[in-house]
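Engineer: 3D model of this:
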Amino acid sequence: MVTRIFRWIRIHKGCICIFLVFISIGIPLLIHVLYKIPTTCYWLQSIWSAGELLSYYGSLLGFLGTILFSALALWQNEIIKEEADKNQRMHEEMETKRVEPRFHIALIHSMGSSGGLRRMNVAIENICDERVHGIVICNMKNVNTDGSFTKFIWEKEIGVINAGGKFTTELLAPENKQNQHIEFQIKCKDIYDRPHTFLVSCSESKTIESEFKINRIND
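Structural biologist: Predicted coordinates for the structure are as follows:
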């Protein structure tokens, strides 16, 4: 409300200046002129002196000035609060981005298949600025080019990886067929216990240090 009032004042500066000149000079001059004009009408005869009326008018202007400066102080406080809220949101966004889990995953070694399953040694590195905990690898599946997939009920809990830390683990995945790629999810929490989920994929490859593609899934 106060912001809208001051916005209106900024738009109508000319009218406001004329109004201020009128109430500061015009009205006292009008009082002076009215007291100089004699009248025989009983109802128009003043029982106040010009000095008393000007004193009352001066008090009224002082009261209105106090209200105006109070409104100005409220407006300034509102502007300061808006800036503080904006800075707080920016800080929270920066902090959220800073602690958001980020991983680098590389295939170290792909071992042979047995019983329709393939064993893979992978290195999971935490490349964010803070530790990540509650890390679970799950929803392993082979995905065909047409989008269909073969899901493997398997889950592995890793726990905690500190900032800059690396964890090597063995994954079990269904044996790949031609034109298939592996997908699985990593679920974890940041230092503020906010949950995060990532979709990890890698083409069927036995190349040493083959990298996985990691995409964040909205929680």
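Engineer: Please state the offset of the host helix or strand of residue 87 from the chain centre?
Structural biologist: Here residue 87, judged by DSSP states H and E, is contained in helix 50-99. For helix 50-99, the separation from the chain centroid amounts to 25 Å (computed by C-alpha atoms, centre = their mean, to the nearest Å).
Engineer: so for that helix, what's the average pLDDT?
Structural biologist: Mean pLDDT, computed over helix 50-99, is 87.
Engineer: in stretch 48-58, what counts as buried?
Structural biologist: 53, 54 (16 or more other C-beta atoms under 10 Å). Bear in mind the C-beta positions are built from the backbone N, C-alpha and C, glycine included.
Engineer: actually stretch 92-102, not the one I typed
Structural biologist: Quick answer for stretch 92-102 (16+ other C-beta under 10 Å): 99, 101, 102.
Engineer: Which residue is the nearest non-sequential neighbour of the second one?
Structural biologist: Nearest in space to residue 101, with sequence neighbours left out and distances taken as C-beta to C-beta, 6 or more residues apart in numbering, is residue 132 at 4.5 Å.
Engineer: where's the one you found relative to residue 48, distance?
Structural biologist: Distance, residue 132 to residue 48, by C-beta to C-beta, to the nearest Å: 80 Å.
Engineer: do the same with residue 160
Structural biologist: Going from residue 160 to residue 48 by C-beta to C-beta gives 84 Å.
Engineer: Ramachandran angles for the residue of the chain most remote from its centre?
Structural biologist: Relative to the mean C-alpha coordinate of the chain, counting by C-alpha atoms, centre = their mean, the farthest residue is residue 40 (72.6 Å). The phi and psi values for residue 40, taken as degrees, to the nearest 10, are phi -100, psi -10.
Engineer: Contact partners for it?
Structural biologist: Neighbour list for residue 40: empty [criterion: C-beta atoms under 8 Å, 6 or more residues apart in numbering].
Engineer: Tell me the helices and strands packed up against the helix holding residue 87.
Structural biologist: helix 2-11, helix 27-36 (3 or more C-beta pairs under 8 Å, 6 or more residues apart in numbering; DSSP states H and E).
Engineer: Relative to residue 155, which of the ones you listed is closest?
Structural biologist: Proximity to residue 155 (C-beta to C-beta) singles out helix 2-11 among those, at 54.0 Å.
Engineer: contacts for the helix or strand following the closest one?
Structural biologist: Sequence-wise, the next helix or strand downstream of helix 2-11 (DSSP H and E) is helix 13-21. Contacts with helix 13-21, where a contact means C-beta under 8 Å, 6+ apart, come from residue 9.
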